[in-house]
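[1] Got a predicted model here, sequence first, then my questions.
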Amino acid sequence: MSIAKEFKDFAMRGNVVDMAVGIVIGGAFGKIVSSLVNDLIMPPIGLLLGGVNFTDLKITIKEASVDAAGQAINAVTLNWGNFVQVLIDFIIIAFAIFMVIKGMNSLKKKKEEAPAAPPAPPEPSKEEQLLSEIRDLLKK
């Protein structure tokens, strides 16, 4: 079996395609949640904390400076506000995914609980059909 055929078989499996679709949709969903957090949730929280923008919160370990050659040396900072923002993003995304999975599981459970239609009775054998015809003739 050639490598190209093996790869085609692998790539066209249902699980791989489903996973690829999930990753693309998840990326788009992540952008939506990031916008939700950055644009709608964090500004009111920052306002409650006195107009603080979380992405600007940091601890400076070493101040910015200029070396002897005139080159600027950037400050060294711990950006803990950005970490808080990313953490809130993660919690919202994880909760949203949890709710979607929970909904899917409840739909799956309802589908499994629904009683299946009773199977159709098996068709009578030729011998039974013949006996039924004889019985019907005798009744007449």
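    Ah, there it is.

[2] Quick check: closest non-adjacent residue to residue 37.
    Nearest non-adjacent residue to residue 37, counting by CB to CB, 6 or more residues apart in numbering: residue 89, 4.9 Å away. For every residue, glycine as well, the C-beta is placed using N, CA and C.

[3] quick one: what helix or strand has that neighbour in it?
    Using DSSP states H and E, residue 89 sits in helix 80-113.

[4] Which strands and helices lie in contact with that helix?
    Counting contacts by 3 or more CB pairs under 8 Å, 6 or more residues apart in numbering; DSSP states H and E, helix 80-113 packs against helix 14-35.

[5] Tell me which other helices or strands the helix it packs on touches.
    The contact analysis (3+ CB pairs under 8 Å, 6+ apart) places helix 14-35 against helix 80-113.

[6] can you do 10 Å?
    Counting contacts by 3 or more CB pairs under 10 Å, 6 or more residues apart in numbering; DSSP states H and E, helix 14-35 packs against helix 3-11, helix 80-113.

[7] Of these, which stretch is the most buried?
    Mean neighbours per residue, mean count of other CB atoms under 10 Å, is largest over the helices and strands packed on helix 14-35 for helix 80-113, with a mean of 12.

[8] Next, the angle from it to helix 14-35.
    140 degrees (axes from the mean of the first three to the mean of the last three CA atoms, to 10 degrees).

[9] Return the distance of helix 80-113 from the chain's centre.
    The chain centre lies 8 Å from the centre of helix 80-113; the measure is CA atoms, centre = their mean, to the nearest Å.

[10] go on, stretch 59-72?
    The mean C-alpha position of stretch 59-72 is separated from the chain mean by 44 Å, CA atoms, centre = their mean.

[11] next one: stretch 17-36
    That offset, for stretch 17-36, works out to 7 Å (CA atoms, centre = their mean).

[12] List the contacts of it.
    11, 13, 41-42, 85-86, 88-97, 100 (CB atoms under 10 Å, 6 or more residues apart in numbering).

[13] coming back round to it: make JSON lines out of the helices and strands packed on helix 14-35 and add mean pLDDT and distance to residue 67.
    Shown next, in JSON lines, are those (pLDDT from 0 to 100; distance: least, CB to CB, whole Å):
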{"stretch": "helix 3-11", "mean pLDDT": "79", "distance to residue 67": "52"}
{"stretch": "helix 80-113", "mean pLDDT": "83", "distance to residue 67": "27"}
